[in-house]
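[1] Give me the fold of what follows.
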Amino acid sequence: MRESQTNLAGDLLLHLGRPGDGPLHERVKRALRAAIRDGRIEVGTALPPSRQLATDLGCSRWAVTEAYSQLVAEGYLHARTGSATRVRWTNAPDAASGRHAPRRAPEARFDLGPGLPDLRAFPRRRWAEAVRAQVTTTPFTEFGYPPAGGHSRLRRLLVEYLARSRGVTATPDQVTVCTSVTDGVRRLCHGLRAEGITAVGCEEPGWTRLRDVIRAAGVDPVPVRTDGGGLRVDDLAGHTGLRAVLTSPAHQFPLGTVLAPERRAALLRWARQVDGVVLEDDYDAEFRYDRRPVAALQGMDPSRVVLFKSLSKILSPALGIGWIVAPPRWTRHLHRSDQTATQPPTLDQLAFAALLESGAYDRHLRACRKRYRDRRDALVRALAEELPGAPVSGIAAGLHLILRLPADVDSAAVVGAAAARSLRIADLTAYHATEDHADHGLVLGYGNLADGTVGEAVRLLREAIEDVG
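    From the prediction side, this is the model:
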C-alpha cells in the first residue's frame, strides 16, 4: 500500500488519507461520507459496483462492501438487491418531498423588456449549414489560434458590408473582431488610459452596462445629458479635460432619439479641437421603419470615430460576435492587448462570413425589419387603446419604445406589479446615472415578444399600472 492514495472512482476524486489514519474500510467510508456531505455526490446518484470501486482504489473488495454497509446503516446510502447502491442523504431544501429548490426565478411569460431580438427567429438551419460547411471545407491550417484582430476573410467582408449599408470608410486592417459592444468598449478603454485619457462622456440616461464596463476598466464615466436631439454636444465644453465621449447617434438608448444633424457636425468639431475620440455605438441602426437609417457617424470623420457593433440585437447575443472599426492609432492599442482578449471561435467567424457573402444575412435583416415594424405598430395600437393617457415616445426604430407615465405613478412599483403578472418591463429611471430623473416612464421592448401575445401583455401592463395608482 502506498503512503497516500488519491484515486478516481468514476468521476469522483476520493481522498483516502494515509495508512496511519485507520483501517482501510474506515478511510473509504470517511472519504465517501465527505463527498456526499460536500455535495460532490448528489442525492440519487448510483455508486460504482464494489468490485469496480475496489479496482479503482487499489484495495480489497471487502473494504468497499464494508464501507457501503456502514453508510447504509448511517442513512447516507440506500441499497436494494439487484439494483445499484444509491446516495440517499442530502441537505438540500425539500429533499424529503423529492423536490429541489428552484435555482432562479422562472422566466416571464410576456417579455416586454429591452435588450433582446426575436430569439424565435434565429436562423437555425442557415447557421447550422454555414458552420457545417466551414467544418468540412476549412483548411486544417485554420484550426490554430486566430490571428490578432480576427479572421482576415470576415474583416474584409465586414468592410464591404459596412461601406454599402452604413457609409463606413475603413480598411480590413482597421477592423477588430470582438465578442460584443461591451467587450469592444472595455478593450478600447485600456487604450484610452495608455494615451492619458481617463474619462469618457456617457449619454444620460444611457445603457447602464456600458457605464459599468468603462468604470471597471479604470476610466471615469461622465454623465452628459440628452434630449430630443440626442447628446447635448454643447454641454461637453463644461467638462474640462474631457477628450472622449460615447454616443449612440442612430438610435439613442433608452430615449429612442436620433442625434440631430447640427449636433453630429458639432461633435466632430469638438473631437478635433480637444484631440479626442468619439466612441460610436451603432445601436439599432439597421431597424428604422419610417425612413432609411442615417449613415454612421464614422463615415464623416474616420480619423476621430471608433465604431462598435455586434450581432446581439440582430441574430443572438449567444453567438458572441461583434466588431470594432477604429483609426490606426487605436487599432494598434486593440491589437496590442489582443493577445489576452477573447475572440469568437474561428469557425463561427467563418460561418458569419459565409452568411455575409451569400446574402443570407441581408435577407435575414429584411425579414426582421418587417417583423419588428409590424410588431411595433401592433404594440402602439394596443397601448393607445388600453392606456390612452400614457403617451409613447421615441422614433419608429429599433426594438424598444418609451411609455410615459404620470409623475405621481411610481414606475419602479409598476415594474414589480408587472413581474407579479409574469410580465417583464424596465423602469426608465434605472438607466440614469444621476438623481435628476427628468424622464419618467417605462422602457418597453418588443424584440422578443411573441406576436400573438401583444394584446394580453398590454392588458396586464394596464392592470399593473392601475394597481399602483
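
[2] all helices in the stretch 101-250 of the chain, in order from the N-terminus.
    Per DSSP state H, counting those that start in this stretch, the stretch 101-250 of the chain carries helices over the ranges 124-137, 152-166, 181-194, 208-216.

[3] before we move on, what about the stretch 301-450 of the chain?
    With DSSP H, counting those that start in this stretch as the criterion, the stretch 301-450 of the chain has helices spanning 328-336, 346-358, 360-386, 411-419.

[4] quick one: average pLDDT of the second one?
    Right, helix 346-358. Helix 346-358 comes out with an average pLDDT of 96.

[5] what packs against it?
    helix 124-137, helix 152-166, helix 360-386 (3 or more C-beta pairs under 8 Å, 6 or more residues apart in numbering; DSSP states H and E). C-beta coordinates here come from the backbone N, C-alpha and C atoms, glycine included.

[6] TSV for those, including mean neighbour count and distance to residue 54?
    Written out in TSV, the entries for the helices and strands packed on helix 346-358 read as follows (neighbours: other C-beta atoms under 10 Å; distance: least, C-beta to C-beta, whole Å):
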stretch	mean neighbour count	distance to residue 54
helix 124-137	14	43
helix 152-166	18	54
helix 360-386	16	57
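
[7] CSV please, covering those and showing distance to residue 265.
    Conversion of these to CSV gives the following (distance: least, C-beta to C-beta, whole Å):
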stretch, distance to residue 265
helix 124-137, 40
helix 152-166, 18
helix 360-386, 28
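
[8] Of all the helices and strands in this protein, which has the lowest average confidence?
    Within the chain, judged by mean pLDDT, DSSP states H and E, the helix or strand with the poorest mean is strand 5-9; its value is a mean of 43.

[9] and the nearest residue to residue 153 once chain neighbours are set aside, what does it touch?
    In space, and not counting its chain neighbours, residue 153 is closest to residue 353: 5.1 Å by C-beta to C-beta, 6 or more residues apart in numbering. Contact analysis of residue 353 by C-beta atoms under 8 Å, 6 or more residues apart in numbering lists 151, 153-154, 157.

[10] Let's see that with 10 Å instead.
    Listed by C-beta atoms under 10 Å, 6 or more residues apart in numbering, the contact set of residue 353 reads 130, 134, 150-158, 361.

[11] Let's see the distance spanning stretch 53-71 from one end to the other.
    The first and last residues of stretch 53-71 sit 15 Å apart, counting by C-alpha to C-alpha, to the nearest Å.

[12] ugh, typo on my part, it should be stretch 308-326
    Taking C-alpha to C-alpha, stretch 308-326 runs 9 Å from one end to the other.

[13] What are the buried residues along it?
    Within stretch 308-326, the residues that count as buried by 16 or more other C-beta atoms under 10 Å are 308-317, 319-326.

[14] any idea of the mean pLDDT for the longest strand anywhere in the chain?
    In the chain, taking DSSP state E as the definition, the longest strand is strand 220-227. Here strand 220-227 scores 96 as its mean pLDDT.

[15] What of stretch 447-457?
    Averaging pLDDT along stretch 447-457 gives 95.

[16] Can you give me the end-to-end span of it?
    One end of stretch 447-457 sits 14 Å from the other (C-alpha to C-alpha).

[17] and that stretch, which residues are buried?
    For stretch 447-457, a neighbour-count test (16+ other C-beta under 10 Å) marks 447-449, 454, 457 as buried.

[18] Contact partners for the residue nearest the centre of the chain?
    For the chain, residue 317 is the residue whose C-alpha lies nearest the centre (C-alpha atoms, centre = their mean; 5.5 Å). Applying C-beta under 10 Å, 6+ apart to residue 317 gives the contacts 115-117, 119, 179-180, 310-311.

[19] tell me the SS of residue 456?
    helix (DSSP: H, G, I helix; E, B strand; the rest coil).

[20] Residue 419 versus that one, what's the distance?
    Summarising the geometry, the distance separating residue 456 from residue 419, computed by C-beta to C-beta, to the nearest Å, is 16 Å.

[21] count of residues packed around residue 40?
    Neighbours of residue 40 under the rule other C-beta atoms under 10 Å: 13.

[22] Any idea which of the helices of the stretch 101-250 of the chain gets closest to residue 109?
    Distance to residue 109, taken as C-beta to C-beta, is lowest for helix 124-137 among the helices of the stretch 101-250 of the chain, at 22.8 Å.

[23] Just say helix, strand or coil for residue 13.
    Three-state call for residue 13 (three-state DSSP): strand.

[24] Was I right to think residue 411 contacts residue 468?
    Yes: shown here, residue 411 and residue 468 form a contact pair, counting by C-beta atoms under 10 Å, at 8.6 Å.

[25] More neighbours: which of the two?
    For residue 411 versus residue 468, neighbours defined as other C-beta under 10 Å are more numerous around residue 411 (24 against 18).

[26] Okay, the residue nearest to that one when sequence neighbours are not counted and residue 206: tell me how far apart.
    On the basis of C-beta to C-beta, 6+ apart, the spatially nearest residue to residue 411 that is not a chain neighbour turns out to be residue 427, at 4.7 Å. For residue 427, the distance to residue 206 under the criterion C-beta to C-beta works out to 15 Å.

[27] More neighbours: which of the two?
    A count of neighbours by other C-beta under 10 Å puts residue 206 above the other of residue 427 and residue 206, at 25 against 20.

[28] can you pull the contacts of that one?
    For residue 206, the contacting residues are 221, 223-224, 226, 231, 246-248, 252-255, 281, 431-433, taking C-beta under 10 Å, 6+ apart as the criterion.

[29] Residue 209 and residue 242: what is the separation?
    As judged by C-beta to C-beta, residue 209 and residue 242 stand 21 Å apart.

[30] out of everything not next to it in sequence, what's closest to residue 134?
    residue 350 (4.4 Å).

[31] and the one you found, how many neighbours?
    When neighbours are defined as other C-beta under 10 Å, residue 350 has 21 of them.

[32] and if you look at residue 48?
    Number of residues near residue 48 (other C-beta under 10 Å) recorded here: 17.

[33] Would you agree it falls within a helix?
    No: for residue 48, which was evaluated using three-state DSSP, the result is coil, with no helix membership.

[34] Fine, thanks again, bye for now.
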